[in-house]
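> Let me see the structure of the following:
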Amino acid sequence: MSHVRTMASLNEAGRGLLEAGTGDRPHGLQQRLEQLNERWEFVRCETERGQLELENKLSQVQDVTMEIQDLLQWLESTELRLSSSKTIWGMPDSASERLSAHLELCNEMDSKLHSYTDVRNAIHRMLESTNVTRGSNTEHSLCILEQKWSTVYGKVQERKAKLTEGLNLAKEFHTNVQELLSKMAKCEENIGVLPAPSFVLETVCAQLQHHRTLVSEVKGYGEKKTVVEGAASRLTELSRKEDCDVVHNLVMTIQDRYRKLQQHTADRGRTLEDVKKNAKQFIESWRLLVDWITEVERTLDTHKEIAVDHEEIKLQLMEQKDFQKLLRSKRPMYDATLKSGRGLHERSQSAQDRQHLENLLSELRDSWDTISGKSMERQHKLEEALLFSGRFTDALQALNDWLYRAEPQLAEDVPVGGEKDMVNNLIDKHKVFQKELGKRAACIRTLKRSVRDLTRSSMADAHWLQEQMDELEGRWEAVCKLSVSKQARLEDALQQAERFDGLVHSFLEHLVETERILKYGNIPENEEALLAFSKRHKESVNSLHYQEMELESIRCLGEEILSSCHPDSIITLKSWISVTKTRYEEVQSWAQQQGQRIQASLSALEAEREDVQRLLDWISSAEEALNLKDLEPLAETVEHNQELIIQHMVFMEELNRKLTEVEHATKSCKQKLIPKQQASPSRKALTKRRSTMKLQPAVVHLPLDNLEPQTPQLCQLISHWQKLWLLALARQGHLEQQEQNLREMEEFANFDFNVWRKRYMQWISHLKSRILDVFRNIDRDQDGRISKKELIDNVLASKFPTNSLEMNAVANIFDMNGDGYIDYYEFVSALHPSRDPYRRTLDADQINEEVSRQVSQCNCPKRFQVEQISANRYRFGDSQQLRMVRILRSTLMVRVGGGWTALDEFLVKNDPCRVKGRTNVKIKEKYLSPDSFDHSRRGGSSKTLTVSRSNSSLSLYSSASAPSSPLTRKALLRRSLSGDRCVRPRSSIAALGSDLHFSTAGEDESPSPSEEAERLPT
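Numbering: from 1, shown residues only. Modelled structure (predicted):
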């Protein structure tokens, strides 16, 4: 557009020539002018159309760039969010909450997918529609966006997969734990209601088969437990400590429950195996005896008839005697089987089992009695047959032999005492003998008749036969008397055995109960509970004394039984006597040990009571001493106050030493359940504070505050100790406060406000702050003024070394008009006595001159536009953003983002003619005006710049604190979509994250810290 004046000049000159008619060919000149104008119009239209196209393209590129920046910013924040929080699993509830929160992020990303696809398609269409070289900024931004999108999308999906896996694992773990616990609990209930082991072989075998099924089920629970432990191990790897504790507790619960279930199963299995073994031994012995008895009974039934010849009778009698020997040899086996059966019958808990065992024992006894009776009956028949066959002498001799054999067994000196089972066996044997004796009585009567008959018929041998018969009758009478005597002795022995058995079992049961009380009774720590426990122990010891008398009765009765005991029962009786004595000695030792522990605990309680009383006396004396010292007047000098502090520190050291004794005396108290953040330390460190620092109010943590005393004496000790502790801390605080006041008074005696002001200004300079920032920090309500109290409290709360006396004086100096409030002008005037706070044009004029000087260095036909909006606020170029400009250490700085940069560097980056490598300088020429073009062609271009100012009149606070108000990104986007062209700053994606820094110049001429503090910007 710079050729507009040229075209106008040419047309004017051509029209002049045509009007004057001085041209050689006027018509040719007219035609050439028309052609030139047509071509000029064509070029102008094409230029405007190209400009519109370029502006449209630029708007599209800016819109797409803005979308890319939005997406990149969201992706960066999402990636930061993902990287800052790691994947955490846990219990189903917490895992479900985390997954729900992450699914919201996934939904947000899915909603961003449409924008991402539109941006990518738009860039691809622009790249396809224009002949742009590869590697442009837009294509590079798209590549970065695609890489970032794929990275973040992969992380989001990976996090989603992990959280889903964690939730499924937590649900599976929780379900498996609940299911396994319920199944094991049900299995324990089933084991508890199972019937007791049966002593019937068939029943116990069925129970064992069912138990094997139960064992396989428990093994299945063990496999499930292993699976749960593996899941718990995986779950705790990515879970929080709280969830890990819950998981560990659940796993430990399962392990304990499984261990108990396994123990119960193993115990029942061992019990069933033992019962099966005993039942099998009994049933095998029973079957052997019953089979043998059945076979013998069949043999006796099919035995040949009694012979007539006396030789054959004698032979049959010898065979019968051999059979009786065999029967006697089976007697021990029979007795052992009966004893085993009776033991099983006593141990059995089921009525059906008892009935079954009783039937088996009855059948065995009946069979044995039957075979014994048949054997004796046959022997009697053989003896009678021998007598009737005329062999009277042989029959008499056989009867005498039987009486000779029976008489020693019935003698008075034969022992019949012993244990209960042995006496019952002896009674059973004697009953069999009495039956045989009764059957022999018929044989005696037959012999008597035969003797009478023989003496009548033959007088030759009558005298010898009568003598033999008298001898037989005498022996018979003696055997009968001995049998009756043995029956009586057996009955007495049975009574003794039953009494001994009852005493032993009752004694052992009482010992078991006493042992349970003595052995497993925990000694309490509480005094009342300990006294009650000691009383119960004395009762147990008294019961032991009664049991000692029972033990003596058992020993005496056992020795009495041993004096007439059967040899087979001596070992058993001695073992019972030894067992009772050993058990009593064990329980007595337990009683003695527990008595010693109780006595030691009582002695410890008594010593603790004495210690507590001693501590209470010391606390009372210390409290009285502190009260007397508090009544004394405060020290007036620092040296005197230091002596008091040293004395109090000695007292605090002694108090700390006593605290150990108090903690030892209260160690039996229970701990209160309080959160960790509320737990107070038991000791307070004694530190000497500096006098220049303000005492900070702190929460006093009472010692022993987390204890719950169990006795009134301990409660009194803790309360008195806490009261003494508070008194000691209060006196320490008073002494330190007095020392601080004394030192402040000494320092305030030489107080100089100018020295204080310089120190305060240096402190502000060290913080790299402005006076305005300090004033704003104090002025919380932003009303433009602060009270004296606000100034004093703020300065004392900061780290500036001063005290309250100095601050009271400083506040009075700051309050120039004496109204009790300090405004900004008074604040600045007090800190800058030589500066008028109302004169603020000096810095603004310097800034304006420096900006004009920097901008005037541009040699372009149209210089870079700079407009002053308000004090220290400018608009650079076509940007709508306001930037703050200030002087820092003799350098003009521009506010950029979160930092500051020098003005010359800012112009180099933003002025098109100063940027190296720019190719749009020629495009900028179309915006140059003809005046400026002619002016530049004549070489008279001006180097000056007139900075325009807005007409807004801002106050002191608005000009210094009013924030800039650039259009937001969304507003710019709305304007671009509506068709209005929005001018955006030229900034690449990489420039968004570039670090901004302060640039300093003129280090050689930098002022000293004190001078810099004096010139600190307000």
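> Three-state assignment for the residue most central in space within the chain, please.
Per C-alpha atoms, centre = their mean, the C-alpha nearest to the average position across the chain is that of residue 245, at 2.3 Å. Taking DSSP: H, G, I helix; E, B strand; the rest coil as the rule, one finds residue 245 in the helix state.
> Next one: it, what pLDDT does it get?
We have a pLDDT of 85 for residue 245.
> Ok, the one 3 residues further on next?
Listed pLDDT for residue 248 reads 88.
> and it, which of the three is it?
Three-state call for residue 248 (three-state DSSP): helix.
> Neighbours of it, how many?
By other C-beta atoms under 10 Å, 12 other residues sit near residue 248. C-beta coordinates here come from the backbone N, C-alpha and C atoms, glycine included.
> What of residue 760?
21.
> Just confirm it contacts residue 831, I think it does.
Yes. Residue 760 is within contact range of residue 831, at 7.2 Å (criterion: C-beta atoms under 8 Å).
> Report the separation between residue 769 and residue 430.
Computed with C-beta to C-beta, to the nearest Å, the distance linking residue 769 and residue 430 is 122 Å.
> The two - which one has more neighbours?
It is residue 430, of residue 769 and residue 430, that has more neighbours when counted by other C-beta under 10 Å, with 19 against 15.
> where does the stretch 901-1018 of the chain dip in pLDDT?
915-1018 (pLDDT under 70).
> now with 80?
For the stretch 901-1018 of the chain, the stretches with pLDDT under 80 are 911-1018.
> Equivalent analysis for the stretch 251-400 of the chain, please.
299-317, 319-321, 324, 373-400.
> And the helices in it?
310-329, 331-347, 351-388, 392-409 (DSSP state H, counting those that start in this stretch).
> list the helices and strands the last one packs on?
Helices and strands in packing contact with helix 392-409 are listed as helix 310-329, helix 351-388, helix 420-457, helix 462-519; criterion 3 or more C-beta pairs under 8 Å, 6 or more residues apart in numbering; DSSP states H and E.
> Same question for the longest one.
Counting contacts by 3+ C-beta pairs under 8 Å, 6+ apart, helix 351-388 is packed against helix 241-301, helix 310-329, helix 331-347, helix 392-409, helix 420-457.
> which ones are touching residue 779?
Residue 779 makes contact with 785-786, 790, according to C-beta atoms under 8 Å, 6 or more residues apart in numbering.
> Closest one to residue 586 out of the residues you listed, please.
residue 790 (83.3 Å; C-beta to C-beta).
> quick one: that closest one and residue 778 touch, right?
Yes. The pair residue 790 / residue 778 is scored as a contact, 5.6 Å apart, by C-beta under 8 Å.
> what's around residue 315, how many residues?
Residue 315: 13 surrounding residues under other C-beta under 10 Å.
> Residue 800 now?
Residues contacting residue 800 under the criterion other C-beta under 10 Å number 15.
> Spatially, what comes nearest to it if we skip its sequence neighbours?
The spatially closest residue to residue 800, leaving aside those adjacent along the chain, is residue 763, at 5.3 Å (C-beta to C-beta, 6 or more residues apart in numbering).
> wouldn't residue 560 be in contact with residue 496 here?
Yes. If you go by C-beta under 8 Å, residue 560 and residue 496 touch, sitting 7.2 Å apart.
> Common neighbours of these two, please.
Shared contacts of residue 560 and residue 496 (C-beta under 8 Å, 6+ apart): none.
> quick one: which of those two has more around it?
Of the pair residue 560 and residue 496, residue 496 is the one with more neighbours under other C-beta under 10 Å, namely 20 against 13.
> Roughly how far does that one sit from residue 428?
Look at residue 496 and residue 428: by C-beta to C-beta, they are 18 Å apart.
> ok, now residue 790?
The value you get for residue 790 to residue 428, if C-beta to C-beta is used, is 114 Å.
> got it, and residue 505?
Separation of residue 505 from residue 428 (C-beta to C-beta): 23 Å.
> about what we covered before: residue 551: which of the helices of the stretch 251-400 of the chain is closest?
Nearest to residue 551 among the helices of the stretch 251-400 of the chain is helix 331-347 (24.3 Å), distances taken as C-beta to C-beta.
> on contacts alone, who are the packing partners of that closest one?
Contact partners of helix 331-347 among helices and strands, from 3+ C-beta pairs under 8 Å, 6+ apart: helix 241-301, helix 351-388, helix 420-457.
> and the angle for the last one with helix 351-388?
Calculated by axes from the mean of the first three to the mean of the last three C-alpha atoms, to 10 degrees, helix 420-457 forms an angle of 20 degrees with helix 351-388.
> I'd like the helices and strands packed on helix 351-388 as a markdown table, with distance to residue 540 appended.
Putting the helices and strands packed on helix 351-388 into a markdown table (distance: least, C-beta to C-beta, whole Å) gives the following:
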| stretch | distance to residue 540 |
| --- | --- |
| helix 241-301 | 29 |
| helix 310-329 | 53 |
| helix 331-347 | 30 |
| helix 392-409 | 50 |
| helix 420-457 | 30 |
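> Tell me which of these lies nearest to residue 725.
Nearest to residue 725 among the helices and strands packed on helix 351-388 is helix 241-301; the distance by C-beta to C-beta comes to 34.8 Å.
> how about the helices in the stretch 51-200 of the chain?
Using DSSP H, counting those that start in this stretch, the helices of the stretch 51-200 of the chain run over 92-129, 137-192.
> and the longest one, what other elements does it pack with?
To tie it back to what came earlier, the one meant is helix 137-192. Packing partners of helix 137-192 (3+ C-beta pairs under 8 Å, 6+ apart): helix 26-84, helix 92-129, helix 201-237, helix 241-301, helix 989-992.
> so which of those gets nearest residue 654?
Evaluated over the helices and strands packed on helix 137-192, closeness to residue 654 peaks at helix 241-301, with 41.9 Å, by C-beta to C-beta.
> Off-centre distance for that closest one?
When distances are taken as C-alpha atoms, centre = their mean, to the nearest Å, helix 241-301 is centred 40 Å away from the chain's centroid.
> From the contact counts, what lies against it?
By 3+ C-beta pairs under 8 Å, 6+ apart, helix 241-301 packs against helix 137-192, helix 201-237, helix 331-347, helix 351-388.
> More neighbours: which of residue 505 and residue 428?
residue 428 (17 against 11).
> where does the more buried one land on pLDDT?
81.
> Looking at the helices and strands packed on helix 392-409, spot the one closest to residue 277.
So among these, helix 351-388 is nearest, using C-beta to C-beta, at 15.8 Å.
> mean pLDDT lowest for which of the helices of the stretch 51-200 of the chain?
Comparing mean pLDDT across the helices of the stretch 51-200 of the chain, the lowest value falls on helix 92-129: a mean of 83.
> element containing residue 786?
strand 785-787 (DSSP states H and E).
> State the mean pLDDT of the helix or strand that that strand is followed by.
As assigned by DSSP H and E, the chain's next helix or strand after strand 785-787 is helix 788-797. Regarding helix 788-797, the rounded mean pLDDT is 88.
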